[in-house]
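Enquirer: sharing a sequence plus its predicted fold:
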Amino acid sequence: MSEVPQTDVSRPSALPTAKLHNRAPQNLSEQNSAEYLDNIENEWNKRVDTEIETLVDGMVDLVSLASIGDKDKFRMAQEAFQAQSRAESMVRAANSLLAITHSLKLLLLLSDEQQISQKRDAELKVIREQKAEARKECAALLNELLNGPR
């Protein structure tokens, strides 16, 4: 009768105090929205670059493993295992890239369209101004070539 009864109730226990992310705490009030968005963009770019690098390295390794020559059975089995593990890491990287593109599509769909169009219009205005300046420079250089230096 001294047994502890078995129940479905969870018993509270102490939680570990480990920190999973060792990021330096940033004060959000010190960071304006442009810097915040730039940081997020850099994080997405790093994720994409990492996955692309994994794909490229895997392909290079697969090509290097595909050499033809005299090989014993052990070497062939070893290369087959290496090729399989590289192919699996490439599949994981490709799936990760698919997840990233899905997330980016959702971000685009759920983002503020007005802000995007305003930014696009501002960039278009700057490009048109640069184009007009480049045309003026070209016209001046053409006149100088045709009329000769005065």
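Expert: Great, that's in hand.

Enquirer: show me where this protein has its helices.
Expert: Taking DSSP state H to define them, one finds helices in the chain at 33-65, 73-110, 113-147.

Enquirer: can I get these in a markdown table including mean pLDDT and mean neighbour count?
Expert: C-betas here are computed from N, CA, C, even on glycine. Converted to a markdown table, these look like this (pLDDT from 0 to 100; neighbours: other C-beta atoms under 10 Å):
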| stretch | mean pLDDT | mean neighbour count |
| --- | --- | --- |
| helix 33-65 | 90 | 13 |
| helix 73-110 | 91 | 12 |
| helix 113-147 | 90 | 10 |
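
Enquirer: separation between the most centrally placed residue in the chain and residue 101?
Expert: With the centre of the chain defined as its mean C-alpha position, the nearest residue by C-alpha atoms, centre = their mean is residue 48, 2.4 Å away. Separation of residue 48 from residue 101 (C-beta to C-beta, to the nearest Å): 9 Å.

Enquirer: again, but for residue 86
Expert: Between residue 86 and residue 101 the distance is 23 Å, computed by C-beta to C-beta.

Enquirer: again, but for residue 50
Expert: According to C-beta to C-beta, residue 50 and residue 101 sit 15 Å apart.

Enquirer: repeat for residue 138
Expert: 40 Å.

Enquirer: repeat that for residue 44.
Expert: Noted for residue 44: a distance of 11 Å to residue 101, by C-beta to C-beta.

Enquirer: do the same with residue 55
Expert: 14 Å.

Enquirer: try residue 54
Expert: 16 Å.

Enquirer: good, wrapping up.
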